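> here is a sequence with its predicted model. Questions after.
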Amino acid sequence: MKRGHDQAAEATTAMTVLCCSCGVPMVPNTMMRCAQCLKQEICITDGISRNIALSHCRNCSRYNKPPWTHCEPESRELLGMCLKRMKGIGKDVRLVDASFIWTEEHSKRIKVKVTVQKEIASGSVLQQTMVCDFTVVNQQCEDCQRSFTPHTWNAIVQVRQKVEHRRTLCFLEQLIVKHDAHDKVISLRETREGMDFHFSQRSHAQRFFDFVQSLIPTMGKNSKHLVSHDTNSNEYFYKYTIQAELCPICSDDLVVVPHGHSDLMNAASPLMICHKVSTAVHLVDPLTARGADIPAYLYWKNPLQSVATKAQMVEFVVLNVEMVPLPEMGTAPKHHLAGRGKMKLADVEVARLSDFGNNDERLTVRTHLGAILRPGNNVLGYDLRHLSLSGKDSRSLEEVFKKADVLLVRKVYDRKRGRAWGLRRLERNNEEGDAGVDDDDDMEAMKREMEEDPEMRRNVNMYREESRPKPAPASSAEAVDTAIPEDKDEDEEEDIEVPLAELIEGLKLGGAGE
């Protein structure tokens, strides 16, 4: 055993040599120098940049990566940007570790400690540490440069609807807030007939237009305007405009279907009511409860017209309701109209609210609202006797006039409590001196429709508000008590209210939240 140990020691002594610089025993290598001598004589960090400039925009606090990017101090993004700027690190010199060294916040200096390795001989790897200084240089980015000129945007989406109200635009605004589709919007300006959304890139504007087109039947027109060009480099700078024209037909509008369209819509009635507008225009015949859906691409080929809007509706008082029995033979037609299951035909006896108590004029009309109407309720509808439809197809409309004098559209609900919820609005960037557009009445009308339609509330974020004043009734129907019989119980009175489960917490509203 002693002899074997001595042989192993002799073999180890034979494998070691003396360093040619300092004479220390070491394992032989091609350089014939120990590790300490290699560190003193060889520097693997000579080819690595030590002083580098970083471009920083003081207006938007972004660094030029490129492109210009937001980076927090001592973040991974900023460290990655610094390492990419360092030259000399590649296949031969490998990066092992990197970290920030604390510097004064306002010193405009960023120090990064870097550890690298390099193979200097076969089987010999040298590792060294160095500090790289980065100088933060202020440079204004292209976006901030354009902010001081009239050319702050590159593309614009002009949303327009040629109607007298802004209810559709208010609802579209809530859909944009719901899906966060305004994250790329630079500024928003209001006009009398719509809104203008400004974007920095044309692709962002096209994406926004596709979003609007997926919600409402919209027709788009593209155009571009030459701002400047360089003849030497053959570079042109354009501004792009996308005009988005929304469907002018809104819910509760009275629509005339021409004779040719009626044949294409399975012999639809020449006079129908718009029940809902989504990706298609949903129409319903109040006399038969038959529905017709018109997709967006078919609507814009042959647009329909509204002959009466919500402002022309008259309020009636329901005196009696008799349900129409279903036919004994055959099956009822199937429709895919939204809310079709809530419609039931009924013969309703009504009287005009303005004539109630003054004369005994009563009308018996057939309506599709039989499932929700009760004696004593108030309902809005179109009085065809006092509605002018001149210039339309009189032959086809005569059949409707013979069947009914009044078309009932919407039930009027009682509102006795203040709302415990509110809505968020988009921030406007109107010019100085521009008072903007007053759409408080349209927002109030949209909120009432949301209270009555649960399907409409699913697409909107509603936020809780604890302290809200009780709003005063805006229409005469809410303030008139003569329409409800005195012997009616209080429990039978219908008071619509949004369930608390549908509300979202965390809303702090100012002047723009209403």
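Looks like it arrived, so ask away.
> count of residues packed around residue 231?
Look at residue 231: counted by other Cβ atoms under 10 Å, it has 7 neighbours. Yep, even glycine has a C-beta here, placed from its N, CA and C like the rest.
> could you do residue 192 as well?
Around residue 192 there are 7 other residues, counting by other Cβ under 10 Å.
> surely it touches residue 437?
Yes. Residue 192 is within contact range of residue 437, at 6.5 Å (criterion: Cβ atoms under 8 Å).
> mind listing the shared neighbours of these two?
Contact with both residue 192 and residue 437 is made by no residue, according to Cβ atoms under 8 Å, 6 or more residues apart in numbering.
> per-domain residue ranges of this structure.
The chain breaks down into these domains under automatic domain parsing: 1-41, 44-149, 150-246, 254-325+338-412.
> got the CA positions of stretch 184-201 in PDB?
Extracted C-alpha coordinates of stretch 184-201, given in PDB (Å, rounded to 0.1, in the frame of the first residue of the first chain):
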ATOM      1  CA  LYS A 184     -54.100  54.000 -29.400                       C
ATOM      2  CA  VAL A 185     -56.200  57.100 -29.700                       C
ATOM      3  CA  ILE A 186     -54.100  60.300 -29.500                       C
ATOM      4  CA  SER A 187     -57.000  62.700 -29.300                       C
ATOM      5  CA  LEU A 188     -60.700  62.800 -29.600                       C
ATOM      6  CA  ARG A 189     -62.800  65.700 -30.900                       C
ATOM      7  CA  GLU A 190     -66.600  66.000 -31.000                       C
ATOM      8  CA  THR A 191     -68.600  67.400 -33.900                       C
ATOM      9  CA  ARG A 192     -72.400  67.900 -34.200                       C
ATOM     10  CA  GLU A 193     -72.800  64.600 -36.200                       C
ATOM     11  CA  GLY A 194     -70.100  62.400 -34.700                       C
ATOM     12  CA  MET A 195     -66.600  62.100 -33.400                       C
ATOM     13  CA  ASP A 196     -63.100  62.300 -34.800                       C
ATOM     14  CA  PHE A 197     -60.500  59.800 -33.500                       C
ATOM     15  CA  HIS A 198     -56.800  60.700 -34.200                       C
ATOM     16  CA  PHE A 199     -54.100  58.000 -34.400                       C
ATOM     17  CA  SER A 200     -50.300  58.100 -34.900                       C
ATOM     18  CA  GLN A 201     -50.300  55.200 -37.400                       C
END
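> out of the domains of the chain, nearest to residue 423?
Among these, the nearest to residue 423 by Cβ to Cβ is domain 150-246 (6.1 Å).
> rounded mean pLDDT for the closest one, please.
Regarding domain 150-246, the rounded mean pLDDT is 91.
> before we move on, what about stretch 275-294?
88.
> show me which residues of that stretch are buried.
275-277, 280-287, 289-294 (16 or more other Cβ atoms under 10 Å).
> and the helices in this structure?
2-15, 35-41, 76-85, 142-147, 167-179, 202-213, 259-264, 296-301, 394-403, 440-452, 454-457, 476-479 (DSSP state H).
> rebuild the domains of the chain as TSV, extending it with distance to residue 459.
Formatted as TSV, the domains of the chain follow (distance: least, Cβ to Cβ, whole Å):
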stretch	distance to residue 459
domain 1-41	68
domain 44-149	32
domain 150-246	6
domain 254-325+338-412	9
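> just give the nearest non-adjacent residue to residue 504, would you?
residue 463 (5.0 Å; Cβ to Cβ, 6 or more residues apart in numbering).
> low-confidence ranges, the stretch 401-514 of the chain, go.
For the stretch 401-514 of the chain, the stretches with pLDDT under 70 are 401, 416-417, 432-435, 466-495, 506-514.
> now residue 194: how far from residue 128?
Counting by Cβ to Cβ, to the nearest Å, the gap from residue 194 to residue 128 is 65 Å.
> ok, the residue nearest to residue 504 touching residue 500?
No. Distance between residue 463 and residue 500: 11.7 Å, which falls outside the contact criterion (Cβ under 8 Å).
> which strands and helices lie in contact with the longest strand seen in the chain?
In the chain, taking DSSP state E as the definition, the longest strand is strand 124-138. In terms of contact count using 3 or more Cβ pairs under 8 Å, 6 or more residues apart in numbering; DSSP states H and E, strand 124-138 is assigned the packing partners helix 35-41, strand 51-57, helix 76-85, strand 109-121.
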